[in-house]
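Student: I'll drop the sequence and a predicted model, then ask my questions.
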Amino acid sequence: MAHRIDTSNRAIDLFGTGKDGFATPSPPTTPPTTLSPDFANMLQQEITNTVEAAGLALVKADNTQLLQAIIELASNNIAISNWTRFPTASGFTGVLFGIAFGDGVYVACGESGEIQTSPDLTNWTRQTADASYADEFACAAHNGTDTFVVAGQNGGVQYSTDAGVTWNAVTLPGAYSGNLKAITWDGTRFVLVGASGGVFTSTDGITWTARTPAASYSGNFFGVVSSDTRLVAVGSATGGFQSEIQTSDDGGSTWTRRNGGGSGTSGIGGNAVGFGNGLFVMSGSGNALIFTSPDGIAWTSHALPDASAVTLNGIAYDGERYYVGVGGDTSGDLAVAYTSTNGTTWTKRRIPLSTPTFPRQLVFDGSAFAAAGGSAAVVSSLRVA
């Protein structure tokens with residue numbers, strides 16, 4: 001608790017009535033005021049708590065961090081520490097997994113072919129999937145103009161061009177029936193990945209082309225993301241936790257295997273991947289590790305704090321400062337978010353979602369992060385008020 005110095009040889013009322021301070025020493029009559037451990041600890045914690053509340057990692061050699069924190073707090077860019085649960089439309093009691101934003105609309109999707117739309121995360125409307133699709137939708141994406149795509153189990157893919165109200169089922173090449181796990185828009189095309197080495201691309205969400213991963217890979221892809229020039233897909237072999245990392249520099253037409261390209265990538269299982277500010281960020285599976293790479297080839301591992309069995313299912317960047325990952329800590333049965341300004345040092349946040357279903361896909365809409373998951377709810381954390 002904040003308090004003024006209260007040792008016996010302090011300067012009484014130095015700054016006014018009840019405002020004691022440190023005495024100016026004048027030996028031998030006036031000794032220096034004794035600095036008590038509780039006062040020193042209070043001062044330390046007040047400063048360090050302020051710095052950490054702003055999402056900054058403590059750096060011993062940096063004497064400007066308190067100033068940085070005050071500026072950050074004053075600009076209200078630290079609301080990523082405050083997450084709010086938004087229940088979705090009544091009548092749905094299942095779990096949501098995917099979420100996308102575009103056209104001023106959020107689209108969330110999940111169990112039993114569930115699709116819902118919202119203009120504000122508060123008011124949700126249930127929509128109807130095409131062809132009586134009743135399997136699990138796992139992911140969603142928007143092309144930045146007029147098309148949403150959702151995808152999931154048994155090769156299920158559907159698109160909408162009217163802000164998520166009307167949905168149309170499409171059939172993937174080769175009668176693919178694997179479980180689709182992740183989708184991204186790279187600025188020109190949708191890239192969709194999943195089980196059995198499934199990789200598909202489409203410029204419109206309607207007509208899809210099957211692509212062949214490198215080394216005839218037939219395991220699971222769980223995440224895919226695009227930089228300005230490179231796609232990175234991550235996953236793990238069926239029945240194992242060996243990371244699979246592949247890159248493409250031609251829009252997903254051809255792929256190159258990058259396993260073993262950097263430290264610590266074996267035995268961790270690539271679970272999700274994001275990109276921002278020139279950095280790819282990948283999560284491991286259940287091992288509280290984050291991996292970063294400037295090129296998708298050479299990777300460096302970083303430990304998540306206060307975690308022993310954390311898996312991050314969604315990773316996103318706000319385009320300016322913050323990387324955010326959401327997922328679950330099975331050791332404490334907690335839904336969590338981790339935030340970082342550099343991809344290296346992370347801060348743990350608590351998310352108000354019921355467990356054991358943890359948040360999955362994460363999206364940044366220009367002012368807020370929103371994640372789907374849990375008991376028919378999404379959670380959102382504003383970056384800018």
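Tutor: Yep, that arrived.
Student: Assign the residue most central in space within the chain to helix, strand or coil.
Tutor: Nearest to the geometric centre of the chain sits residue 325, at 2.4 Å (Cα atoms, centre = their mean). What DSSP: H, G, I helix; E, B strand; the rest coil gives for residue 325 is strand.
Student: Not counting its neighbours along the chain, what's nearest it?
Tutor: With sequence-adjacent residues excluded and distances taken as Cβ to Cβ, 6 or more residues apart in numbering, residue 325 is closest to residue 312, at 3.7 Å. Glycine gets a C-beta too; all of them are placed from N, C-alpha and C.
Student: Can you give me the distance of that neighbour to residue 272?
Tutor: Between residue 312 and residue 272 the distance is 6 Å, computed by Cβ to Cβ, to the nearest Å.
Student: Need the residues touching each of these two.
Tutor: Residues touching both residue 312 and residue 272 (Cβ atoms under 8 Å, 6 or more residues apart in numbering) are 283, 325, 327.
Student: could these go into a markdown table alongside pLDDT?
Tutor: Shown next, in a markdown table, are the shared contacts of residue 312 and residue 272 (pLDDT from 0 to 100):
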| residue | pLDDT |
| --- | --- |
| 283 | 93 |
| 325 | 94 |
| 327 | 90 |
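Student: Show me which of these is closest to residue 136.
Tutor: For the shared contacts of residue 312 and residue 272, the minimum distance to residue 136 (Cβ to Cβ) is 17.9 Å, reached by residue 327.
Student: hang on, that closest one packs against residue 349?
Tutor: No: assessed by Cβ atoms under 8 Å, residue 327 is found out of contact with residue 349, at 11.5 Å.
Student: who touches both of these two?
Tutor: Listed as contacting both residue 327 and residue 349 by Cβ under 8 Å, 6+ apart are residue 336.
Student: Could you check how many residues crowd around residue 368?
Tutor: A total of 18 residues lie near residue 368 under the criterion other Cβ atoms under 10 Å.
Student: again, but for residue 121
Tutor: Counted with other Cβ under 10 Å, the neighbours of residue 121 add up to 20.
Student: what do you get for residue 44?
Tutor: Neighbourhood size, residue 44 [other Cβ under 10 Å]: 10.
Student: Surely it is within a helix?
Tutor: Yes: membership of residue 44 in a helix is supported by three-state DSSP.
Student: which stretches of the stretch 251-385 of the chain form strands?
Tutor: Here the stretch 251-385 of the chain has its strands, by DSSP state E, counting those that start in this stretch, at 256-257, 272-276, 279-283, 289-293, 300-303, 310-317, 323-329, 334-340, 347-350, 359-364, 368-373, 377-382.
Student: among the ones you listed, which is nearest residue 50?
Tutor: Comparing the strands of the stretch 251-385 of the chain against residue 50 with Cβ to Cβ, the closest turns out to be strand 347-350 (13.4 Å).
Student: In JSON lines, list the shared contacts of residue 312 and residue 272 along with distance to residue 377.
Tutor: Shown next, in JSON lines, are these (distance: Cβ to Cβ, whole Å):
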{"residue": "283", "distance to residue 377": "22"}
{"residue": "325", "distance to residue 377": "19"}
{"residue": "327", "distance to residue 377": "15"}
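Student: Going by distance to residue 128, which of those wins?
Tutor: residue 327 (29.9 Å).
Student: List the beta-bridge partners for that closest one.
Tutor: Here residue 327 shows beta-bridge partners residue 312, residue 336, assigned using DSSP bridges.
Student: quick revisit: how about the strands of the stretch 251-385 of the chain, which one is nearest residue 226?
Tutor: Nearest to residue 226, of all the strands of the stretch 251-385 of the chain, is strand 272-276, at 6.8 Å by Cβ to Cβ.
Student: Report the distance from that closest one to the chain centre.
Tutor: With Cα atoms, centre = their mean, to the nearest Å as the basis, strand 272-276 stands 8 Å off its chain's centre.
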